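Participant: Return atomic coordinates for the entry below.
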Amino acid sequence: MPDQAEGSKDDEESSAKGNGATCYMLRCKTLRESGGLRIVELAEEAKVDRSTIDKLEKRLPVTKPTAFRVLKALQKHHAVELDPEKEILNTLRKRR
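Facilitator: Just a heads-up that it's a prediction; the model follows:
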């Protein structure tokens, strides 16, 4: 059985092929930095590859389960509750 890090890679590959829901996190880098985390630390806590964090910070899509794992890891470093409805988007909205 694959570990969670390998599972997230598979999730992202199936998402790229159109087999999974994709999500975006607009504030991933801001939340990571304000939580005092390095990319590698966040990746380890979320049990994802460093490249997944790079994707999120570049506003590239990942699967919904992956986005929620990263947000959960970020939450541990913030006193204020991070709202998944606000932090994880199904589509990128244009700013007005």
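Participant: after the helix or strand of the chain with the lowest mean pLDDT, next one along is what?
Facilitator: Within the chain, no helix or strand scores below helix 4-16, which has a mean of 43 by mean pLDDT, DSSP states H and E. As assigned by DSSP states H and E, the chain's next helix or strand after helix 4-16 is strand 22-23.
Participant: and the helix or strand that that following strand is followed by, C-alpha only, in PDB?
Facilitator: Next helix or strand after strand 22-23 toward the C-terminus (DSSP H and E): helix 28-34. Provided in PDB are the C-alpha atoms of helix 28-34 (Å, rounded to 0.1, in the frame of the first residue of the first chain):
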ATOM      1  CA  CYS A  28      -0.300  29.300   0.500                       C
ATOM      2  CA  LYS A  29       3.000  31.100   0.500                       C
ATOM      3  CA  THR A  30       1.700  34.000   2.700                       C
ATOM      4  CA  LEU A  31       0.300  31.500   5.200                       C
ATOM      5  CA  ARG A  32       3.500  29.400   5.100                       C
ATOM      6  CA  GLU A  33       5.800  32.400   5.700                       C
ATOM      7  CA  SER A  34       3.600  33.900   8.400                       C
END
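Participant: What is the helix or strand that helix 28-34 is followed by packed up against?
Facilitator: Note on helix 28-34: by DSSP H and E, the next helix or strand toward the C-terminus is helix 39-46. Using 3 or more CB pairs under 8 Å, 6 or more residues apart in numbering; DSSP states H and E as the contact test, the elements touching helix 39-46 are helix 50-57, helix 64-75. In short, each C-beta sits where N, CA and C put it, glycine included.
Participant: Serialize these to TSV and add fields for mean pLDDT, mean neighbour count and distance to Ile88.
Facilitator: Putting the helices and strands packed on helix 39-46 into TSV (pLDDT from 0 to 100; neighbours: other CB atoms under 10 Å; distance: least, CB to CB, whole Å) gives the following:
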stretch	mean pLDDT	mean neighbour count	distance to Ile88
helix 50-57	97	20	10
helix 64-75	96	21	5
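Participant: Tell me which of the ones you listed lies nearest to Ser34.
Facilitator: Taking CB to CB, helix 64-75 is the member of those nearest to Ser34, at 9.2 Å.
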